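Engineer: below are the sequence and a predicted model for it; my questions follow.
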Amino acid sequence: MKFIIKSAFTPIQRDLMLYMIALTAVSYQLILYINFEKINLDLSLYRNSFIFGLISTFFLSSIFMYLYLIIKKERRPLKIYLGYSIIPIKHWNESLNFILLSVAVSIIFSVYTSVKYSIPDIVPFYLDPYLIEFDNFLFFGTPPWKITHYIFSTPIATGFINFLYNIWFFIIWIFLISFMCCVKHSQIRKQVILSFLLCWIINGNLAALLFSSAGPCFYSLAYGVEGPYTELMAILNQQNSFLLEQGSVFSVWALSLQDLLWQSYVNRVDGIGKGISALPSMHVSMTCLIAISIYSLNKKWGILAWIYALLIIIGSIHLAWHYAADGIVAILLTLTIWFSVKKLTTRKD
């Protein structure tokens with residue numbers, strides 16, 4: 001009995017720092033909940049999504065694994081497949097820890113979304129005019145979106161950029177699950193997951209509160225004035241109409257999502273994916289983290305990951321989600337977190 005209990009707690013003890021991060025996030029939200037009436041305290045916001053995601057990932061990966069064995073022309077694919085299938089049962093303590101860690105991550109996502117949704121109530125949007133000035137300063141008086149739309153001027157280019165921007169959700173899910181399962185490489189695993197969680201808390205909540213901003217697509221609506229992004233929004237709408245008329249597989253999906261987010265903000269409807277916050281960009285932060293993590297393991301794949309990160313930075317500006325400054329700050333904060341965690345985990349190990 002003692003051996004079973006000790007065996008069960010071994011992986012949990014290894015990942016204790018990750019669980020402490022989740023506890024810190026909950027404490028942080030509780031403090032905000034006590035001090036601000038409009039903060040919603042719902043730690044189960046992502047529970048069903050995580051359960052669905054884990055089950056879907058398990059079944060899809062099982063199907064792909066079996067197909068891979070058939071394509072490789074293994075003589076006994078079913079036997080090899082069943083051998084892989086019993087690994088979660090054989091290493092039940094790691095499976096238990098994986099489930100508990102998934103719960104901890106879903107709690108952090110719930111905290112992130114709840115706080116992000118309430119940012120304008122805690123710190124009203126104020127930084128956008130300064131971010132516009134900073135962008136113009138960086139690009140010598142030229143709004144950066146004009147540069148991206150000059151280079152990627154066609155509707156199909158915008159639609160493709162939007163596609164890359166949208167699949168970000170699936171990429172970070174695969175990234176997270178892969179490293180959660182990568183228990184044989186404990187050092188890099190701990191560094192990646194710890195950095196991942198801290199990015200959502202520090203960049204997604206703390207920095208977003210400090211630098212409360214709405215973003216280009218919401219500028220006119222948030223400040224009640226004619227903003228400098230009217231032309232950009234008109235271009236995006238024109239390109240979207242063209243793509244829809246042509247029956248393209250791509251469209252500017254960002255426009256409908258932006259409308260949905262603004263309506264949820266106006267009508268005070270919270271939920272998964274809700275909330276408005278520009279600086280720092282979590283799309284850029286996560287793709288930067290993915291790129292530096294993969295590059296540390298494999299330079300060739302890492303270069304591809306950095307190319308994708310660059311396209312996400314371009315997309316964040318091109319689709320009116322973010323200012324250029326949002327991406328720059330996100331990269332600086334993410335790299336700071338990454339190297340700080342590396343120093344911390346290396347010293348401890």
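Structural biologist: Alright, I've got the coordinates.

Engineer: contacts for stretch 236-250 next, please.
Structural biologist: The contact list for stretch 236-250 (CB atoms under 8 Å, 6 or more residues apart in numbering) reads 155-156, 158-160, 162-163, 251-252, 254-255, 319-320. (Each C-beta comes from the backbone N, C-alpha and C, glycine too.)

Engineer: among these, which one lies nearest to V26?
Structural biologist: A254 (32.0 Å; CB to CB).

Engineer: the closest one and L319 touch, don't they?
Structural biologist: Yes. With contact defined as CB atoms under 8 Å, A254 reaches L319; the gap is 4.3 Å.

Engineer: common neighbours of those two, please.
Structural biologist: Counting by CB under 8 Å, 6+ apart, the shared contacts of A254 and L319 are 162, 165, 217, 236.

Engineer: quick one: residues contacting the first one.
Structural biologist: Shown here is N162, whose contacts under the criterion CB under 8 Å, 6+ apart are 250-254, 315, 319.

Engineer: returning to what we had before: so which of the contacts of stretch 236-250 are in helices?
Structural biologist: 155-156, 158-160, 162-163, 254-255 (DSSP state H).

Engineer: can you list the low-confidence ranges for the stretch 151-300 of the chain?
Structural biologist: Of all residues in the stretch 151-300 of the chain, none has pLDDT under 70.

Engineer: closest to V266 among the shared contacts of A254 and L319?
Structural biologist: Nearest to V266 among the shared contacts of A254 and L319, with distances taken as CB to CB, is C217, at 14.3 Å.

Engineer: which residue sits closest to that closest one, ignoring its sequence neighbours?
Structural biologist: A320 (4.0 Å; CB to CB, 6 or more residues apart in numbering).

Engineer: give me the distance between the one you found and S153.
Structural biologist: Distance from A320 to S153, counting by CB to CB, to the nearest Å: 16 Å.

Engineer: who's more crowded, the two?
Structural biologist: When neighbours are counted by other CB atoms under 10 Å, A320 and S153 differ, and A320 comes out ahead with 22 against 11.

Engineer: quick one: buried residues of the top helix by length along the chain?
Structural biologist: Counting residues, the longest helix found in the chain (DSSP H) is helix 92-122. By neighbour count on 16 or more other CB atoms under 10 Å, the buried set for helix 92-122 is 94, 96-98, 100-120.

Engineer: what ranges do the helices span in the stretch 101-250 of the chain?
Structural biologist: Ranges of helices within the stretch 101-250 of the chain are 128-138, 144-151, 155-166, 168-181, 186-198, 208-210, 219-223, 230-245, based on DSSP state H, counting those that start in this stretch.

Engineer: what angle do the fourth one and helix 92-122 make?
Structural biologist: Which is helix 168-181. 140 degrees (axes from the mean of the first three to the mean of the last three CA atoms, to 10 degrees).

Engineer: name the residues that touch helix 168-181?
Structural biologist: For helix 168-181, contacts defined as CB under 8 Å, 6+ apart pick out 53-54, 57, 98, 101-102, 105, 188-189, 192-193, 196, 283, 286-287, 290, 293, 308, 312.

Engineer: do that again at 6 Å, thanks
Structural biologist: If you take CB atoms under 6 Å, 6 or more residues apart in numbering as the criterion, helix 168-181 is touched by 57, 189, 192-193, 283, 286, 290.
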